[in-house]
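pasting a predicted model and its sequence here:
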Amino acid sequence: SQQGEEDPQALSIQEGENATMNCSYKTSINNLQWYRQNSGRGLVHLILIRSNEREKHSGRLRVTLDTSKKSSSLLITASRAADTASYFCATNTGNQFYFGTGTSLTVIP
Amino acid sequence: EAGVAQSPRYKIIEKRQSVAFWCNPISGHATLYWYQQILGQGPKLLIQFQNNGVVDDSQLPKDRFSAERLKGVDSTLKIQPAKLEDSAVYLCASIPGGTGELFFGEGSRLTVL
């Protein structure tokens, strides 16, 4: 399978805490992206990190990429109840996108 | 800017029946994707179009699934005959060129009884 693996599968934290989720993939990539999916909705793009970048920030999001280990992590700081959703990494090679298995995040108010 | 439109949002059918899903991507987006998302899993690519040509349909179960994008704009995904394991959300996504972020529709949820 070309899908990546994410861990943990599920994560439950208190509001205000930080959430970290990890993604491992198998092939070389142009970039890696993270998406959020609220229950019953489509996926929404969060952040993109290129293969020659090691870290990127956007608001409360911090993404790291280690191409030697074929892994990435997404950190959400100061979590809010509205961050409750599933999070997916997606590898982009050429014009093909392959998604990971997802992490289900629950933020308890 | 209008987003990716999909219909119907929900569909319930009996096994062996047929169903069709429609997608209208964002205007000007040349590349269109259909993904299948089974409950609790990540989206799995079914087919990718570049304008009205198929780029990748290697994971499309061609004995029962078909898709077309005749004028390089909207697209239809058909399942005939449906099986129980086809119960899933069918997501359409588009992108202007070949890289950057994907824009997704809200999905079409299929239940096969």
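Cool, got the structure. Numbering: from 1, shown residues only, chains lettered A, B, ... in the order given.

rest of the way, CA atoms for contacts and neighbours
Noted.

can you read off the pLDDT for A:H45?
Predicted confidence (pLDDT) for A:H45: 96.

for the helix or strand in which it is found, which positions count as buried?
Element membership of A:H45 [criterion: DSSP states H and E] is strand A:43-50. Buried residues in strand A:43-50, counted by 16 or more other CA atoms under 10 Å in any protein chain shown: A:43-45, A:47-50.

likewise for stretch B:94-107?
Buried residues in stretch B:94-107 (16+ other CA under 10 Å): B:94-96, B:98-107.

what mean pLDDT does it get?
For stretch B:94-107, mean pLDDT is 87.

can you check stretch B:38-50 too?
Computed over stretch B:38-50, the average pLDDT equals 94.

is it correct that A:T106 is in contact with A:Q9?
No. Counting by CA atoms under 8 Å, A:Q9 is not a contact partner of A:T106; they are 11.4 Å apart.

so for the two, which residue has more residues nearby?
With neighbours defined as other CA atoms under 10 Å in any protein chain shown, A:T106 and A:Q9 compare such that A:T106 has more, 21 against 16.

and the pLDDT at the residue nearest in space to the middle of chain B?
For chain B, the residue nearest the mean C-alpha position is B:W34 (3.2 Å; CA atoms, centre = their mean). Listed pLDDT for B:W34 reads 97.

OK, contacts around A:E17?
A:77-79 (CA atoms under 8 Å, 6 or more residues apart in numbering or on different chains).

just read off the phi/psi values of it.
phi -80, psi 170 (degrees, to the nearest 10).

so what touches stretch A:39-47?
Here stretch A:39-47 has contacts from A:33-37, A:58, A:63, A:85-86, B:91, B:101-107, using CA under 8 Å, 6+ apart.
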